[in-house]
Every structure is written in structure tokens, then in C-alpha cells.
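>>> need a 3D model of the sequence below.
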Amino acid sequence: LKCLVAYSSVGHMSLVMLGCLSNISMGVKGALFIMVGHGLCSSGMFSLVNVFYNHSGYRNLYMNKGFLMKNPVLCLVGFLLCSSNMAAPPSLNLFGEVLMFVCSYLISFCFLVLLMVMTIISAVYSLHL
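Residues are numbered from 1 along each chain as shown. A predicted model of the protein is given here:
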């Protein structure tokens with residue numbers, strides 16, 4: 001579980017680097033939105049993984065599968081954090097990623113394609129969680 005959260009952190013920080021190094025105001029604003037959204041979302045997800053570990057004694061994803069039956073409210077919080085992590089509509093990450101898509105298109109079409117692939121892989125990680 002910790003690895004899934006950490007890999008999403010790496011993906012978000014690479015978007016931040018792209019925005020900061022683009023030297024475009026839209027990219028810097030997108031990087032700022034992603035940093036704030038990531039700070040809120042990632043810390044919550046790491047805390048949630050710690051709660052799962054305290055209840056079950058395992059950090060493995062498959063050993064924590066039946067947690068919805070134990071605590072449905074905590075699973076709702078986990079779902080909201082995961083959806084925010086993959087840039088679902090009511091999150092800061094979505095707005096930042098949209099700005100980064102426009103910024104990467106202004107830089108190069110190749111960056112846009114790479115960013116799209118990276119975003120899809122990051123969403124698959126979050127869906128797996």
C-alpha cells in the first residue's frame with residue numbers, strides 16, 4: 001500500500017517539475033495547484049495506510065481487502081482520497097493537471113503524449129488501490 005502511494009507521489013512531483021521548468025506562467029500555476037493538492041491528498045493516504053496497518057497488522061493490499069465491512073466511513077474517506085489522487089473532478093489535482101496539459105502542449109506535442117500516458121498509469125495505480 002505504501003508503494004502505491006509513493007509511486008503516485010513520484011508522478012505528481014514529475015508534473016511539478018515539468019510546470020516549473022517550462023517557464024510559462026500557466027505551468028507554474030499548475031505546478032502550484034498540484035503541489036497543494038498532492039500535499040493534502042498524499043498525507044491523508046499515508047495516514048490511511050497507517051490506520052489499515054494498525055487494524056490488520058499487514059501493509060499488503062490483499063490482506064486488507066475486507067476492511068469495508070469493518071469501517072465503511074473510513075473506506076469512504078479512502079475512496080475520496082484515492083479519487084482526488086487520480087484527479088477526479090472536485091479536486092485541486094484535476095485543475096492543476098488540466099493546466100499542465102495545456103502547458104505541455106505549448107512546449108511540445110511529445111510532452112503532451114508522455115503526460116497523457118503517465119496520467120493514465122497513475123490513475124490505474126489509484127484504481128488498483
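
>>> what sits against F101?
L112, L115, M116 (C-beta atoms under 8 Å, 6 or more residues apart in numbering). For every residue, glycine as well, the C-beta is placed using N, CA and C.

>>> hang on, I meant Y125
If a contact means C-beta under 8 Å, 6+ apart, then Y125 has L4, Y7, S8 as its contacts.

>>> in what helix or strand does it lie?
Using DSSP states H and E, Y125 sits in helix 109-128.

>>> which of the contacts of Y125 fall within strands?
In strands, defined here by DSSP state E, there are no members of those.

>>> are any of these buried, and which?
Neighbour-count burial (16 or more other C-beta atoms under 10 Å) applied to the contacts of Y125 gives L4, S8.

>>> sort out which residues of the helix ranked longest in the chain are buried, please.
When the chain is parsed with DSSP state H, its longest helix is helix 25-56. Buried positions in helix 25-56, judged by neighbour count with 16+ other C-beta under 10 Å: 27-35, 37-38, 41-42, 44-45, 48-49, 52-53.

>>> go on, stretch 85-100?
Using 16+ other C-beta under 10 Å as the test for burial, stretch 85-100 gives N85, M86, A87, S91, L92, N93, L94, F95, G96, E97, L99, M100.
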